[in-house]
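J.: the sequence and its predicted three-dimensional model are supplied below.
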Amino acid sequence: MTDQHQPVRRWFEGVWPTVGLVAPLGLLVALVSLGTPSLQTTAVGALVNLVMVVGLQMFWGNSGVLSFGHIAFVAVGAYTAALLTIPLTTRAFVLPHLPGMLAHRQTSFVVATVVAALVAAAVAGLVSLPLMRLSGTAAGIASFAVLIIVQDVASNWSDVTGGLGTLTGVPTDLTLWGAYAWTVVVIAAAGAYSYSRSGRRLQASREDEVAALALGVKVVRERRVAFVVSGAVMGVAGSMYAHWLGAFGPGDFDIDLTRLITVMLIVGGLRSVFGAVVGSVVMSVVVVVLNRWEAGQSVGFVSIPVPTGFSNLLLSLVLVLILLRRPDGISRSRELSWPGWNRRRSRPAKNAARDSSGGRQDAAPPDSVGCHGETDTGFAFGEGSATAESTAIRPT
Amino acid sequence: MTLLQNIITAVSVGALYALFALGLAVIYGVAGIINFAQGNFIAVAAYVLLALDGLPTPVTILGAVAAGVATSVVTELGVFRFARGADPATLLVLAFAVALAIESVIILVAGSRPLSTPFGSSLTKPIHLGSLSVMRIDLVTAVVVAVLLAGLALLLNWTPIGAQLRAAAEDFTMARLVGVRSNLVMLVAFAVGGLLAGVGGVLLVARSGTVEPSMGLEPVLVSFVAVVIGGLGSLAGAVAGGFVLGGLTIALQVLLPSDIRPYRDAILYALIVVILTFRPQGLLPSANDRSRV
């Protein structure tokens, strides 16, 4: 392999995890689009959840700091988008006391989603100022306070949110393929973020906070960046949620949704986008199947009536088994790697040796090796290692 | 006089939060688990209390508390023991799974609708001390929690297992290195957590007279915030955090003008965020929370 091929290979390494995820997902969506309308609606809901899981992964997975507050940004996104897309005539009816600026502007779903992302990101930015000062776990638990604040405001600010009741009249124009398109955008963004310098610095702080600090990573700042970016994704999810159901209330964005999204993320594998996607797909399928079973519909060949609560008991047992067998999640928290490169990675010692010798030959013609062979070897090691990016830290 | 009355209410609410927060902090400190199932231990105790209705009151109460302890210990023996040293996120979701399992079992056995019970109805009447009128349950809560906290302080400070528990909560690895048996300490931590949840469950039922499968969730979530205010991993901090949270809640309830009172929770949690901004380590941070290199 000559070094002209290095950029191509690295480009592939960067893009493959996203393409390799999005393509099979598209196949799945195509399959579902042949099914009944009710199945399609269910699938759109699953994609909305998937976007939330990926959004949560961008923060939690990269920083290692848990968060119970991310659903708050989904709520912000949902209300923002709804206030932009509810048709004006309906709006005058559902929210008669809306302040003028919000009462007379109607946008398309796409514009509303972008605005929802921006507003959610702004709220996340504001919240991150005090929250990220806390140490890891404390910040995560304290972020629960944000969820309560947002829920409380949404329940009581009746003029704008419709109060405790359900806000209706949002056009349900989110199609299956539309949801898939947004999912692709979000997965690509998450992949790009975890591959970016900022993402790598944050991952370094996740692995060893003290070491990262010593190397000059501004841990708090990187965490804030991730918090804002993932807040934006949660805003997108909120807009999708609103346009999926058409009606929602403050009670939708509660600890139950938080738990569901968290479970999906951890079951799949916290530290990779691949894990987030796999976890949410697997859990969505399991939950849908169990719910249909409990509702008395036949699933495949089984149609045994079960009492209420049984499917959840089964679900919890499945969860415990998965987590005890695979504590790092189904994906073992790895990203997809190019099929051919898999085997090389799994035997690091041999590969490193081979890479370094190969690298030395390629990097420098024999006549210039002479005096600084050792440095070349070291350099080649760095090039060959996938984690070299994470330690490429410079003062900022 | 209303001031004194409000203070008594605040102490009683704070005591309840402190009880739950301490249960969470004991398990978090030793096992590193953010134990969402704590709320379900509370619910189990409450349902057992309901099931034993008709027996002499001390028996029902003892039975309920024992059920809380048993559920907690079984959880540790059946699930968490097999996940020693797992990632905190994995432990968290295991706790979710345990919570879901317990809730499902409750729904399977007793149904998902709220049930009401006459237990403790005599305690919801006020008693009059001079011009002061205080709910009996407030006094009972304060006294029970005081006794329980004193008992725990004795256990933690004057018994060998208490010392081991504190050592494990401070630094689990170090404690093991000096000979603390990890399985035993975990078991004791879960038993104490279950005991506090059980007593909390009995007090909650006496207060509200109703029981439902998810009744423990909200108090436990609030108590998590109390644990963080107090300082994550610090047992004294958890108690302090509980009282601060209870006091703030009642203070806001009383002091806020009625037109913004609906926003009480939003203001309360905004205040908490402000407190944490200035004291990120909590009010009484634990000794091992300081970062050492």
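T.: Now that the structure is in, tell me what you want to look at.
J.: buried ones in the helix or strand hosting B:Val30?
T.: Secondary-structure element containing B:Val30, defined by DSSP states H and E: helix B:2-31. Going by neighbour count (16 or more other C-beta atoms under 10 Å in any protein chain shown), the buried part of helix B:2-31 is B:5-6, B:8-31. For the C-beta atoms, the positions are set from N, CA and C on the backbone; glycine is no exception.
J.: same question for stretch A:321-335.
T.: Those buried within stretch A:321-335 under the rule 16+ other C-beta under 10 Å are A:Ile322, A:Leu323, A:Arg326, A:Pro327, A:Asp328, A:Gly329, A:Ile330, A:Ser331, A:Ser333, A:Arg334, A:Glu335.
J.: filter those down to the ones near chain B?
T.: Taking C-beta under 8 Å from any C-beta of the partner chain as the test, chain B is in contact with A:Leu323, A:Pro327, A:Asp328 out of the buried residues of stretch A:321-335.
J.: from these, which land in helices?
T.: If you go by DSSP state H, these have A:Leu323 in helices.
J.: quick one, what contacts B:Val13?
T.: Contact analysis of B:Val13 by C-beta atoms under 8 Å, 6 or more residues apart in numbering or on different chains lists B:Gly246, B:Thr249, B:Ile250.
J.: one more time with 10 Å
T.: If you count contacts by C-beta atoms under 10 Å, 6 or more residues apart in numbering or on different chains, B:Val13 has them with B:138, B:141-142, B:207, B:242-243, B:245-250, B:253.
J.: pLDDT weak spots in the chain?
T.: Unless you meant another one, I'm taking chain A. By pLDDT under 70, the weakly predicted segments of chain A are A:1-5, A:296-306, A:338-396.
J.: ah, I was thinking of chain B
T.: For chain B, applying pLDDT under 70 flags the ranges B:1, B:286-293.
J.: just flag the most distant two among the contacts of B:Val13.
T.: Farthest pair in those (C-beta to C-beta) is B:Arg207 and B:Leu248. Separation: 19.4 Å.
J.: ok, the ones next to chain B among the buried residues of stretch A:321-335 vs chain B, which is closest?
T.: Nearest to chain B among those, counting by C-beta to the nearest C-beta, is A:Pro327 at 4.6 Å.
J.: wait, isn't that closest one in contact with B:Ala89?
T.: Yes: if you go by C-beta atoms under 10 Å, A:Pro327 and B:Ala89 touch, sitting 9.4 Å apart.
J.: mutual contacts of those two, please.
T.: Counting by C-beta under 10 Å, 6+ apart, the common neighbours of A:Pro327 and B:Ala89 are A:Ile266.
J.: do a quick rundown of the helices in chain B.
T.: B:2-31, B:38-51, B:57-78, B:88-110, B:136-158, B:160-170, B:172-177, B:182-208, B:217-230, B:235-255, B:264-278.
J.: residues from the stretch 51-200 of chain B in reach of chain A?
T.: Residues of the stretch 51-200 of chain B lying close to chain A (C-beta under 10 Å from any C-beta of the partner chain) are B:78-79, B:82-83, B:85-94, B:96-112.
J.: are any of the residues you listed buried, and if so which?
T.: B:79, B:83, B:86-94, B:96-108, B:110.
J.: for B:Ala168, give its distance to A:Ala276.
T.: Per C-beta to C-beta, to the nearest Å, B:Ala168 is found 34 Å from A:Ala276.
J.: meant to ask about B:Thr90, not that
T.: Distance of B:Thr90 to A:Ala276, computed by C-beta to C-beta: 15 Å.
J.: what do you get for A:Ser316?
T.: From A:Ser316 to A:Ala276 the distance is 21 Å (C-beta to C-beta).
J.: which one of the two is surrounded by more residues?
T.: Ranked by neighbour count (other C-beta atoms under 10 Å in any protein chain shown), A:Ser316 and A:Ala276 place A:Ala276 first, with 34 against 23.
J.: just checking, the more buried one touches A:Val282?
T.: No: contact criterion C-beta under 10 Å: A:Ala276 and A:Val282 do not qualify, at 11.2 Å.
J.: identify the contacts common to these two.
T.: A:Met264, A:Val267, A:Gly268, A:Ser331.
J.: can I get the residues you listed in JSON lines with secondary structure and distance to B:Ile61?
T.: Compiled in JSON lines, the shared contacts of A:Ala276 and A:Val282 are given as follows (DSSP: H, G, I helix; E, B strand; the rest coil; distance: C-beta to C-beta, whole Å):
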{"residue": "A:Met264", "secondary structure": "helix", "distance to B:Ile61": "40"}
{"residue": "A:Val267", "secondary structure": "helix", "distance to B:Ile61": "39"}
{"residue": "A:Gly268", "secondary structure": "helix", "distance to B:Ile61": "44"}
{"residue": "A:Ser331", "secondary structure": "coil", "distance to B:Ile61": "48"}
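J.: if anything else comes up later, I'll come back, but that's it for now.
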